[in-house]
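> Quick one, structure for this:
(one chain, ligands or ions: 2)
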Amino acid sequence: MAVIEMKGIKRIYKLESKKEKKRAATGEGPVVVQALRGVDFSAEAGEFVFVMGPSGSGKSTLMNVIGCLDKPSEGSYVLDGINVSAANGNTFALIRNKKIGFVFQSFNLLARTTALENVELPLFYNRKDRRNRRERALEVLREVGLEDRLHHMPSQLSGGQQQRVAIARAMVNDPAFILADEPTGALDSEMSLEIMTLLQELNNRGKTIIMVTHEPELACYAKRVVTLRDGQLVSDRWITERRSAAEALARWKQDHSLLSGKEEAA
Ligand code: ADP
Ligand code: MG
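Ligands and ions are numbered 1, 2, ... in the order given. Alright, predicted model coming up:
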């Protein structure tokens, strides 16, 4: 079943500031920016898709449309069977909460709030009673391997652990898909591989994941890579020799301990 079905998606930004209008009037600048120029994009349940492309190619604009944070100027979008193109503001917010699990580069956790409470938060909209909320939050925190960090504040966690909390929060409402915007962008290589390992595990258990990344070396961990250029999808390929992030992480740790061992010996 398709969880995302987009046809002919266009997003045009009108330039409205005085300066921009003046530049447009004198022919020095554009009147509008066509950030997406007719994108057809579908994803089935169980896919792990990377959205890649150079800066300015329209990745963020497409993510905002997929995430129901922004409406396209033209085109149709059906999300998990719901015709999003016809939805209004309130329905939009409801779809976001129920159907999409967001993961951001900067984690976006509440600072003076424990891991457990951060993960419980999205459940408040769903009128679940307190005990059910707690049980569900514990369940997903266990799934991301943080059962021993439940009462830590974000500042007491490493970047990788904070991103795990954010992923648990994204999973807690059992969304149709996870939408991750540069989830490894703020992490070093080891933590990056840890997060890729977790995302691959979640995907192996059936979770659909759409992820934007700038880092071409991560493409080998996806199942499918779509590339944007100048607001158009210019390539859509399946990764035939998909690699395991868990194996890469194990290798990284081994090399690293060999290196530090050598340093000590020297
Ligand atoms: P990417 O995320 O791939 O770097 P974006 O989706 O942010 O690309 O931007 C695509 C194009 O749309 C760029 O040319 C950018 O300058 C333009 N753009 C993005 N947001 C706006 C906006 N709010 N107003 C005007 N132009 C915008
Ligand atoms: Mg961007």
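> Nearest the geometric middle of the chain, what residue?
Geometric centre of the chain, nearest residue: residue 180, 0.6 Å, by CA atoms, centre = their mean.
> would you say that residue is within a helix?
No. With DSSP: H, G, I helix; E, B strand; the rest coil as the criterion, residue 180 is located in strand rather than a helix.
> Please renumber the chain so that the first residue is 56 from this point on.
Sure, I'll start counting at 56 from here, so that last one is residue 235.
> so residue 118 sits in a helix?
Yes. Assessed by three-state DSSP, residue 118 belongs to a helix.
> Hmm, it is touching residue 234, no?
Yes. Counting by CB atoms under 8 Å, residue 118 touches residue 234, with 6.6 Å between them. Backbone N, C-alpha and C define where each C-beta goes, glycine included.
> any idea how far the residue of the stretch 156-305 of the chain found nearest ligand 2 lies from ligand 1?
Relative to ligand 2, the nearest point of the stretch 156-305 of the chain is residue 267 (7.2 Å; CB to the ion). The gap separating residue 267 from ligand 1 is 7 Å, by CB to the nearest ligand atom, to the nearest Å.
> Distance of the one residue in the stretch 106-255 of the chain that gets nearest to ligand 2 relative to residue 300?
Nearest residue of the stretch 106-255 of the chain to ligand 2, counting by CB to the ion: residue 115, 3.2 Å away. Distance, residue 115 to residue 300, using CB to CB, to the nearest Å: 24 Å.
> Of these two, which one has the most company?
Neighbour totals were compared for residue 115 and residue 300, and residue 300 leads with 22 against 17 (other CB atoms under 10 Å).
> what's the closest non-adjacent residue to the more buried one?
Closest residue in space to residue 300, ignoring its immediate chain neighbours: residue 251 at 3.7 Å, by CB to CB, 6 or more residues apart in numbering.
> The one you found: which element?
Here residue 251 sits within helix 244-259, counting by DSSP states H and E.
> could you pull out the helices for the stretch 56-205 of the chain?
73-80, 114-121, 144-154, 170-175, 185-198 (DSSP state H, counting those that start in this stretch).
> which residues are contacting the last one?
When you say that, I think you mean helix 185-198. Residues from elsewhere that reach helix 185-198, judged by CB atoms under 8 Å, 6 or more residues apart in numbering: 170-171, 174-175, 178-179, 183, 202, 204-205, 220, 223-224, 226-227, 257.
> picking up where we left off before, quick check: the residue nearest to the centre of the chain touching residue 162?
No. Between residue 235 and residue 162 there is no contact, the gap being 11.4 Å when judged by CB under 8 Å.
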